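Chemist: all I have is the shape, not the residue letters:
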């Protein structure tokens, strides 16, 4: 991780990144407790870590990154994303949107607000994504 990414990640944690990463971790734990949600628990945990340190990384489609379709990028991924959207995606996206609006009020918070908006989009449709270094 570059020094600039490290500095941005530290500021990110202080300016709202921690509480949204906590939200993703809570979603992962709830999914794990409800045995039916186990397929989503690991992905939610990975995105919680990504939400804690988003600078220097990016989320991309696994189909584009790997170059072929897999279980999570086909019809099962679509169905999984619909279920995720109903169970947890909408409230995580609202949390990111709310935090982005609060951060956008200040000049220094605008880049962080933009990052929250990107994470909000991931919160709505996370299955089939992978986190890679930027």
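Modeler: Here it is on my side, so go on. On a predicted model such as this, the values are computed, not experimentally measured, just so you know. Residues are numbered from 1 along each chain as shown.

Chemist: what about the helices in the protein?
Modeler: In the chain, the segments counted as helices under DSSP state H are 3-12, 18-33, 38-52, 62-66, 75-84, 90-104, 110-124.

Chemist: what's in contact with the first one?
Modeler: Defining contact as C-beta atoms under 8 Å, 6 or more residues apart in numbering, one finds that helix 3-12 is touched by 1, 17, 52, 53, 54, 55, 56, 111, 112, 115, 134. (Glycine included, C-beta is placed from N, CA and C.)

Chemist: and the helix or strand of the chain with the lowest mean pLDDT, what does it pack against?
Modeler: Per-element confidence for the chain was summarised using mean pLDDT, DSSP states H and E. The lowest value among helices and strands belongs to helix 62-66, with a mean of 87. Other elements packing on helix 62-66 under the criterion 3 or more C-beta pairs under 8 Å, 6 or more residues apart in numbering; DSSP states H and E are strand 129-133.

Chemist: angle of the strand it packs on against helix 38-52?
Modeler: Taking axes from the mean of the first three to the mean of the last three C-alpha atoms, to 10 degrees, one finds strand 129-133 and helix 38-52 inclined to each other by 30 degrees.

Chemist: measure stretch 57-77 end to end?
Modeler: With C-alpha to C-alpha, to the nearest Å applied, stretch 57-77 spans 22 Å between its terminal residues.

Chemist: how about that stretch: buried residues?
Modeler: Buried residues in stretch 57-77, defined by neighbour count with 16 or more other C-beta atoms under 10 Å: 59, 62, 63, 72, 73, 77.

Chemist: hmm, back to that, contacts for the least confident helix or strand of the chain next, please.
Modeler: For helix 62-66, the surrounding residues in contact (C-beta under 8 Å, 6+ apart) are 69, 70, 72, 73, 128, 129, 130, 132.

Chemist: now distance to residue 12 too, for the buried residues of stretch 57-77, in JSON lines please.
Modeler: Converted to JSON lines, the buried residues of stretch 57-77 look like this (distance: C-beta to C-beta, whole Å):
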{"residue": "59", "distance to residue 12": "15"}
{"residue": "62", "distance to residue 12": "25"}
{"residue": "63", "distance to residue 12": "28"}
{"residue": "72", "distance to residue 12": "27"}
{"residue": "73", "distance to residue 12": "29"}
{"residue": "77", "distance to residue 12": "28"}
